[in-house]
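# quick one, what's the 3D model for this:
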Amino acid sequence: MKAKAILVSLILLSLLILAVNPLMAQSSFEKNRSWRVNEINYENDNDQNGVYDDFSKEVVYYHDETSSRIDSIQTYVWDTMNSEWSLHMKRLFVYDTTGEYVIENHYYDYQQNQTIHKLYYDYNSQNRLIRYRYYYYNANTLDYTLYMRCYFLYGPDRLNQIIQSTYLTSSNYYKKDTYTHDTQGRIITNMVSSSSDSLSWSNSYLIHNSYHPNDTTTSEQYIQHLAHYYPNNNMFGTVFFDMLAESYFYQDWNGNDWDEQSRTVFNYNTQNQLTDYINQDFDSSWINSMKYEYSYDTSNNLYQIYATFWSISANNWNYPYSKRTYTWQQTTSNQDDYLELPEFDFAVYPNPFSKSVNINLNTKNNASVKLNVFNIKGQLVKSAVFDAKSFTWDGTDNQNHPVSEGVYIIKASQDGISASRKIIKINH
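As a prediction, this is how the structure comes out:
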């Protein structure tokens, strides 16, 4: 029962962490879709003797026809009494009709024989995540009760605010995250305020983000990341999805000014892979508190994450008290949600786009490529033929008029083989 309570607390904590700072999210699979994680094993060294004991593990199951789409995650807890794995929780993912966006996420507890959490995700016509609702099973009413609702508010090309409402039995709690951005569109500050009635707001804390000089991500990429990967979070620990962060500062409001509270400092190797990040607390000076170390296998997939406490008395890092180990499987192709045949593929960027779309082919064939663009109703709006493996669609129709804002399907064909991508046109 103790392990079960701890695990449920960890699940709730992972949801709340993402609600506090949406930059803290899982790494995507888009870096290399030919690999997928099959299992994540959690071990603890509570005695600090270098011997790690199994604590829990997550086993990931994928869609039969789409190798990168997660259908479910099963969580097991190590039963020390019987020396065996006990199935504890199963997360089920339900997708929209395109198979690309998660619209439901259910937590089924095998000990209670009951779905104990349900999360629902809503998207707008641009396929941006605009809301999620979190329900928990209420044993008193034998029904599901709304616990949290979260709204994502956007400008033309960036995330502006997240407003979260938490509903409790005695009172309600409201939290608002308001973002500012740099010229690259990345979030640099997050002003967090709270309210008891959603009308009068008071400052709570302020977060400052800075980025590595090699970071090239944009706000549009971040918005797409939220839409695709926010619903199946917390698989890869606390990292800035594909961003290269330098630091993360947390300041608390004292009623008159901001007080330094904590910060996180990130370090990378020459391949721009995260090697470690260190959490520090402020007490007249910065004091180490936690360190997370990342290692990678020979295929550059994340292998292990070690967590270590700082020893104030010894003035050094203790022996790592826990580790997380990832097991990967190589898939037979790099197919994604829109790849029809593995012999021919292409990438599009940026997505969403405002003026033009770059198209890069992944094919050994040098034959001409026919490009067709359809609107969401299936109507053909553009046809063209290209002889290169990289080209640009200028966002116009067959009459050379700019297409309107909305969702489009790009279909590229070469020697009878075709592939399709969904793209989104936005107006600045």
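# in a helix, residue 225, correct?
Yes - membership of residue 225 in a helix is supported by DSSP: H, G, I helix; E, B strand; the rest coil.
# tell me how far it lies from residue 128.
Look at residue 225 and residue 128: by C-beta to C-beta, to the nearest Å, they are 11 Å apart. Yep, even glycine has a C-beta here, placed from its N, CA and C like the rest.
# residue 222 in helix, strand or coil?
Under three-state DSSP, residue 222 falls in the helix class.
# quick one: it and residue 186 touch, right?
Yes - using C-beta atoms under 8 Å, residue 222 is in contact with residue 186, at 7.3 Å.
# compare residue 225 and residue 128 (neighbour count), which wins?
Remark: of residue 225 and residue 128, residue 225 carries more neighbours, 23 against 18, as counted by other C-beta atoms under 10 Å.
# ends of stretch 306-316, how far apart?
Length of stretch 306-316, first residue to last, C-alpha to C-alpha, to the nearest Å: 16 Å.
# likewise for stretch 60-79?
Per C-alpha to C-alpha, the first residue of stretch 60-79 is 20 Å away from its last.
# go on, stretch 262-280?
For stretch 262-280, the first-to-last residue distance is 5 Å (C-alpha to C-alpha).
# list the buried residues for it?
For stretch 262-280, a neighbour-count test (16 or more other C-beta atoms under 10 Å) marks 262, 263, 264, 265, 266, 268, 274, 276, 277, 278, 279, 280 as buried.
# who touches that stretch?
212, 214, 238-240, 244-250, 281-282, 286-294, 296, 300 (C-beta atoms under 8 Å, 6 or more residues apart in numbering).
# which residues are in contact with the spatially closest residue to residue 153 that is not a sequence neighbour?
Of all residues not flanking residue 153 in the chain, residue 161 sits nearest, at 4.3 Å (C-beta to C-beta, 6 or more residues apart in numbering). When contacts are counted by C-beta under 8 Å, 6+ apart, residue 161 is found next to 151, 152, 153, 176, 177, 178, 179.
# quick one: which helix or strand includes residue 161?
For residue 161, the host element (DSSP states H and E) is strand 159-167.
# for that strand, which positions count as buried?
Residues of strand 159-167 classed as buried: 159, 162, 163, 164, 165, 166 (neighbour count, 16+ other C-beta under 10 Å).
# ok, stretch 114-126 next?
Neighbour counts over stretch 114-126 (16+ other C-beta under 10 Å) mark 115, 116, 117, 118, 119, 120, 121, 123, 126 as buried.
# quick check: closest non-adjacent residue to residue 253.
Residue 253 sits nearest to residue 203 (C-beta to C-beta, 6+ apart), 3.9 Å away.
# go ahead and confirm that neighbour touches residue 193.
Yes - the criterion here is C-beta under 8 Å, and residue 203 meets it with residue 193 at 5.5 Å.
# if we can go back for a sec, among the contacts of residue 161, name the buried ones.
The neighbour count (16+ other C-beta under 10 Å) marks 152, 176, 177, 179 as buried among those.
# so the first one makes contact with residue 124?
No - with contact taken as C-beta under 8 Å, residue 152 and residue 124 are classed as non-touching, separated by 9.4 Å.
# overlap in contacts of these two?
Joint contacts of residue 152 and residue 124 (C-beta under 8 Å, 6+ apart) are residue 130.
# how does the protein divide into domains?
2-330, 345-425 (automatic domain parsing).
# ok so, going back, ok, which pair from the buried residues of stretch 262-280 is furthest apart?
Spatial extent of these (C-beta to C-beta) is set by the pair 262 and 268 at 20.8 Å.
# ok, residue 158 touching residue 183?
No - contact between residue 158 and residue 183 fails when scored by C-beta under 8 Å: they sit 11.5 Å apart.
# so which of these two has more stuff around it?
Neighbours around residue 158 and residue 183, counted as other C-beta under 10 Å, are more numerous at residue 158. The numbers are 17 against 6.
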